[in-house]
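Novice: Next come a sequence and a model predicted from it.
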Amino acid sequence: MDLGEHQLFVVTVDHGSITAAAASLGVSRPTLSRRLSALEARLGLALLHRSTRSLTLTPAGRRLYERVKPLIEDVARAEAQLLEERDEVTGRLTVSAPPVLAPELSAVLVRLQRLHPALHVHLTTSVRWVDLRAEGIDVAVRAGRLHDPELVHRRLGYGDVSAVASPRYLEPRGAPADVDALSEHALLMGAAPEGGPQRWWPRRDGERVPVEGRFHSDDQAALLEAAIAGAGIAMLSELTAAAPLADGRLVRVLPEILGARIAVHAVFTRRTLQPARVRALVDALARWFAERYSPGSYG
């Protein structure tokens with residue numbers, strides 16, 4: 001089926017003449033007449049009674065017009081909606097982020113919705129690196145190395161992670177003198193991006209330290225509370241631990257050795273042909289990161 005031929009037929013009927021329809025479509029009258037004749041020839045039925053003064057439908061033409069016109073209108077509406085999605089920040093925006101960033105990311109999304117009331121947002125949080133295509137995620141915020149070369153990313157900035165513990169935990173035991181002494185301490189284990197507990201902690205020199213612990217959580221808030229309570233040493237983002245580090249409830253452990261600066265990215269599936277809502281969110285994330293976090297602080 002050539003939808004273009006049917007659209008020409010419907011436009012011709014709506015205008016009441018081939019001349020008027022040709023002018024509306026921006027084609028010549030002979031060209032339009034030939035296209036209509038080709039449609040009649042393909043169907044083997046006359047669709048129009050043509051005269052120099054008028055144009056009327058045959059019974060077959062009337063049946064075709066009544067069936068095809070709603071389809072043409074549906075296609076036009078669908079294209080209009082897609083053009084709106086391309087140009088206007090509207091529709092459903094699905095975002096994935098690590099739980100540690102979710103509270104502040106929520107503020108970014110709410111601000112974006114205030115600017116664009118037709119935008120619907122679904123924020124999902126997980127330490128797991130979700131499959132954007134399989135799970136229908138528009139944008140994911142990720143910290144650390146990116147392993148999927150087919151995904152497009154925009155670097156937002158850098159964040160710090162550090163080993164921390166409470167004075168309450170360290171005072172009776174003493175702080176570890178080096179990474180080898182970590183095996184003598186209670187370690188509070190976070191979650192790896194691939195799933196499961198962490199098996200290593202980062203070093204400032206880019207190397208890794210193998211670690212094991214009897215306490216594991218994929219929630220940084222839970223690790224934070226455990227560390228403050230004196231349960232052991234945890235590797236936490238500076239964002240998560242900022243307040244207790246400032247007031248002395250936590251201190252850094254081996255700060256010159258343990259920890260890392262980690263790149264934070266907005267990740268999505270395509271570089272071009274993205275809906276306006278995706279482009280708007282990525283730009284908003286970049287502005288938020290630049291405004292909220294200065295170099296050397298977690299973001």
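Specialist: Structure received. Numbers count the residues shown, from 1 in each chain.

Novice: Do you have the helices of this protein handy? List them.
Specialist: Using DSSP state H, the helices found in the chain span residues 3-15, 18-25, 29-43, 59-87, 102-115, 132-135, 167-173, 220-228, 238-247, 276-292.

Novice: Show me which parts of stretch 201-219 are buried, residue by residue.
Specialist: Neighbour counts over stretch 201-219 (16 or more other CB atoms under 10 Å) mark Trp201, Pro202, Arg203, Val209, Val211, Gly213, Phe215, Ser217, Asp218 as buried. All C-beta atoms are positioned from the backbone trio N, CA, C, and that covers glycine.

Novice: repeat for stretch 277-293
Specialist: For stretch 277-293, the neighbour count (16+ other CB under 10 Å) marks Arg277, Val278, Ala280, Leu281, Val282, Ala284, Leu285, Trp288, Phe289, Tyr293 as buried.

Novice: Other residues contacting it?
Specialist: Contact with stretch 277-293 is made by 85, 89-91, 93, 95, 104-105, 108-109, 111-112, 116, 119, 138-139, 141, 154, 156-157, 159, 264, 266, 268, 299, as judged by CB atoms under 8 Å, 6 or more residues apart in numbering.

Novice: ditto for stretch 139-146
Specialist: 93-98, 101, 105, 129-130, 132, 153, 156, 159, 193, 237, 262-268, 278, 281-282, 285.

Novice: possible to save the buried residues of stretch 277-293 as CSV with distance to Leu47?
Specialist: Formatted as CSV, these follow (distance: CB to CB, whole Å):
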residue, distance to Leu47
Arg277, 43
Val278, 44
Ala280, 46
Leu281, 49
Val282, 50
Ala284, 53
Leu285, 55
Trp288, 59
Phe289, 61
Tyr293, 66
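
Novice: any chance of the residues you listed in JSON lines, with distance to Val253 and pLDDT too?
Specialist: As requested, those are exported to JSON lines (distance: CB to CB, whole Å; pLDDT from 0 to 100):
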{"residue": "Arg277", "distance to Val253": "42", "pLDDT": "91"}
{"residue": "Val278", "distance to Val253": "40", "pLDDT": "92"}
{"residue": "Ala280", "distance to Val253": "41", "pLDDT": "92"}
{"residue": "Leu281", "distance to Val253": "36", "pLDDT": "93"}
{"residue": "Val282", "distance to Val253": "36", "pLDDT": "92"}
{"residue": "Ala284", "distance to Val253": "36", "pLDDT": "92"}
{"residue": "Leu285", "distance to Val253": "31", "pLDDT": "92"}
{"residue": "Trp288", "distance to Val253": "30", "pLDDT": "86"}
{"residue": "Phe289", "distance to Val253": "27", "pLDDT": "84"}
{"residue": "Tyr293", "distance to Val253": "23", "pLDDT": "59"}
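
Novice: Which residue lies nearest the spatial centre of this structure?
Specialist: For the chain, Val139 is the residue whose C-alpha lies nearest the centre (CA atoms, centre = their mean; 1.3 Å).

Novice: Distance of that residue relative to Phe268?
Specialist: 5 Å (CB to CB, to the nearest Å).
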